[in-house]
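**Student:** Give me a model of this one.
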Amino acid sequence: MRTGKARRLAPAVALAVLTSACGGGGREDAQTQPAPLPAEDLNPAPREDLERGGTFVWALSTYDEQHNMWHTQGNMANVRRVADAVLPSPTRYDAEGTASPNTDFVLDHGVSEDGLEVTYELNPDAVWSDGEPVTSEDYEAQVETVGGSREGEWELGGTAGYDQVSEFVPGDDEYSFTLRFEEPYAEWPSLFSPLYPKEYMEDEELFEEGYVKDYPVTAGPFGDVEFDDVTERITVRRNEDWWGTEPLLDEIVFDAMGTGAMAAAFNNGEIDGFYLGYDAAGYELLRGGEGAYFTRAVNHGHRFASLNGASPDLEDVRVRHAVSLGLDRDALAGVALGAVDWPVTGEVNRLLRSSQRGYRDNSEGYGEYDPERAGELLDEAGWTLKEGDEFRTDEDGDTLTLDWVAADDTAIALDEAEIGRDMLAGIGVEVEVRQVPVNALFSEYLIPGNYEVATYVLVGSNPYAGDAKENYGMPDGDGEWGNNLARASTEEIEGRFDELRAETDPGRYAELANEIDRLLWEEVVTVPLFECPGLYVVNEDLHNWGEFGLASSYVYEDIGWAAE
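**Tutor:** Okay, the predicted model is just below:
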């Protein structure tokens, strides 16, 4: 899964109001809406009922190398799971997505009435693992680098609101500062998550290589990070110098394995928790068994097909539109979700979750299964189907062939590719399915643009929608697309994101999010398939871990085993 800097809102933009999963513009044949899901499901228990000590073995789907999340190769959901345990983040969110200061690092933060100044009061007890205090200099270094104002060649995935900062103003001491903006930036709580030490933001080589299979400096409830390339495990241990609430666990072991292997590993007692999602075989293996707790809540991600707009065969929006109409999204969602008894609603939104205010489906005219209209669009684009031919060709006789890349150990991705190949053959589009190693999917194929179609997941790292701009916006001045792996957008989409990030009225914020989602449909930047199921499996004796929804992360100190 890739971390989608998406689905965010500031405290004043209270989009995360739990409502029924309402629609409007959804597919006519969609199933009746089920009752709304809970906001989160963490198998909760109070700390006093949990024991101190123990190891939690947590299965992840990839063993990522780059752990600088601001680097274009590091913006991954699995990286965030590790980083959140060992690096500072100034803001926490509750199940409804409401922001508050994470007082382990920031005693207080707030925005001025005009929205142009955000002040921070840092916790002077916070220290890096090398003994240096966490000060305003660390925050300033990150603003300058990630905001794009520092000279040098920086491989940034996105500027994520840092480019909105017009001035960094030091406070009365090293533990306070103010950010000034020329226009309001409503999503300011999303900044500095995570925070890296200043030296790793000021030096190009350290930025590039310092956190590659290493966490040389940490500041969190856990630290002492160890990478084992043989077992593909990452171990983090309790930070004995931690100044906040003491972590219950001794250590967390992140164990990388194929998603298809996780259920069997859990059944054999090799791991304690994992994201089951839409693993049908795993669901059949574990349901009804003893010792497993299945979570059921709103997930903070959506699954989609990415179409590489930089490909000569997909640069014409009419071809992308035809591909969208040639994919039966209800059938694809049914294959994934029906097997795990998860509701198939026929609705999805790139920027808002079904638990958020204003959520609706915006796919009309683009998301329906309509092979006839798809064929007309391809004809208009110059890809014709001659009598007796199986696939369409252009005026030069070249066949319309798309390279669909899928991770070789991810059953759902392989199923989608093979089913999608058959669906697109129905409109005369040839698809070649290429299976690639899961650890190479992003680094060697999606990020460099060596693909034409691929399905994967974007997971929100906080409740806001605005800095999804880096996933869907225009390239930078050097023509680099950053985290927009679809390599398609418009100036109108870019401008609407800027409006969204400045909007503080919750009603208008939701309207803008839906307008952007509709524009993304019209440009067919991606083809959303479904909102991911909040379906984790966890040892029933392990608590405060599972589906966090809009909270966007865990309170790692509170994860623990039930006392005997």
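**Student:** all contacts plus neighbour counts: C-alpha atoms, from now on.
**Tutor:** Noted.
**Student:** separation between the closest residue to residue 154 other than its chain neighbours and residue 198?
**Tutor:** Of all residues not flanking residue 154 in the chain, residue 204 sits nearest, at 6.7 Å (C-alpha to C-alpha, 6 or more residues apart in numbering). If you measure residue 204 against residue 198 using C-alpha to C-alpha, to the nearest Å, the figure is 12 Å.
**Student:** Now do the contacts for the residue nearest to residue 154.
**Tutor:** Remark: with contacts taken as C-alpha atoms under 8 Å, 6 or more residues apart in numbering, residue 204 is in contact with 152-154.
**Student:** So which residues of this structure form helices?
**Tutor:** According to DSSP state H, the chain carries its helices in the segments 77-86, 136-146, 199-202, 204-209, 259-267, 280-286, 317-326, 329-337, 371-380, 411-425, 469-472, 491-502, 506-523.
**Student:** Run through the neighbouring helices and strands of the third one.
**Tutor:** Identification of packing neighbours for helix 199-202 by 3 or more C-alpha pairs under 8 Å, 6 or more residues apart in numbering; DSSP states H and E yields helix 136-146, helix 204-209.
**Student:** Same list (these) but as TSV, adding mean pLDDT and distance to residue 502.
**Tutor:** Putting those into TSV (pLDDT from 0 to 100; distance: least, C-alpha to C-alpha, whole Å) gives the following:
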stretch	mean pLDDT	distance to residue 502
helix 136-146	98	18
helix 204-209	97	29
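**Student:** Those: which one's closest to residue 64?
**Tutor:** If you check each of those against residue 64 by C-alpha to C-alpha, helix 204-209 wins as the nearest, at 13.3 Å.
**Student:** Tell me the confidence at residue 461?
**Tutor:** Residue 461 carries a pLDDT value of 86.
**Student:** let me redo that: residue 2
**Tutor:** We have a pLDDT of 46 for residue 2.
**Student:** again with the one 4 residues further on
**Tutor:** For residue 6, the model assigns a pLDDT of 31.
**Student:** which helices and strands does the longest strand along the chain pack with?
**Tutor:** In the chain, assigned by DSSP state E, the strand with the most residues is strand 297-307. Secondary structure elements in contact with strand 297-307, counted by 3+ C-alpha pairs under 8 Å, 6+ apart, are strand 453-460, strand 526-534.
**Student:** most tightly surrounded among the ones you listed?
**Tutor:** Highest mean neighbour count of the helices and strands packed on strand 297-307: strand 526-534, a mean of 26 (counted as mean count of other C-alpha atoms under 10 Å).
**Student:** looking at it, residue 201 is touching residue 142, isn't it?
**Tutor:** Yes - between residue 201 and residue 142 there is a contact at 5.9 Å, judged by C-alpha atoms under 8 Å.
**Student:** so what sits against both of these two?
**Tutor:** By C-alpha under 8 Å, 6+ apart, no residue touches both residue 201 and residue 142.
**Student:** tell me the mean pLDDT for stretch 164-172?
**Tutor:** Confidence over stretch 164-172 (mean pLDDT, whole number) is 96.
**Student:** For residue 380, give its distance to residue 489.
**Tutor:** Shown here: residue 380 relative to residue 489, a distance of 21 Å by C-alpha to C-alpha.
**Student:** Look at the two and report which has more neighbours.
**Tutor:** Taking other C-alpha atoms under 10 Å, residue 380 and residue 489 do not tie; residue 489 has more neighbours (22 against 12).
**Student:** Thought residue 523 was touching that one, still the case?
**Tutor:** Yes - when contacts are counted by C-alpha under 8 Å, residue 489 is listed as touching residue 523 (6.9 Å).
**Student:** sorry, back to before: what's the most buried one of the helices and strands packed on helix 199-202?
**Tutor:** Between the helices and strands packed on helix 199-202, helix 136-146 has the highest mean count of neighbours, a mean of 22, where neighbours are mean count of other C-alpha under 10 Å.
**Student:** which residues are in contact with that one?
**Tutor:** Contacts to helix 136-146, defined as C-alpha under 8 Å, 6+ apart, come from residues 70, 122, 150, 154, 156, 158-160, 162-163, 165, 168, 170, 174-177, 192, 195-198, 201-202.
**Student:** Over to stretch 264-279?
**Tutor:** Stretch 264-279 is touched from outside by 56-60, 255, 259-260, 262-263, 282-283, 285-286, 336-337, 339-340, 411-412, 532-539, 542, 546, with contacts defined as C-alpha under 8 Å, 6+ apart.
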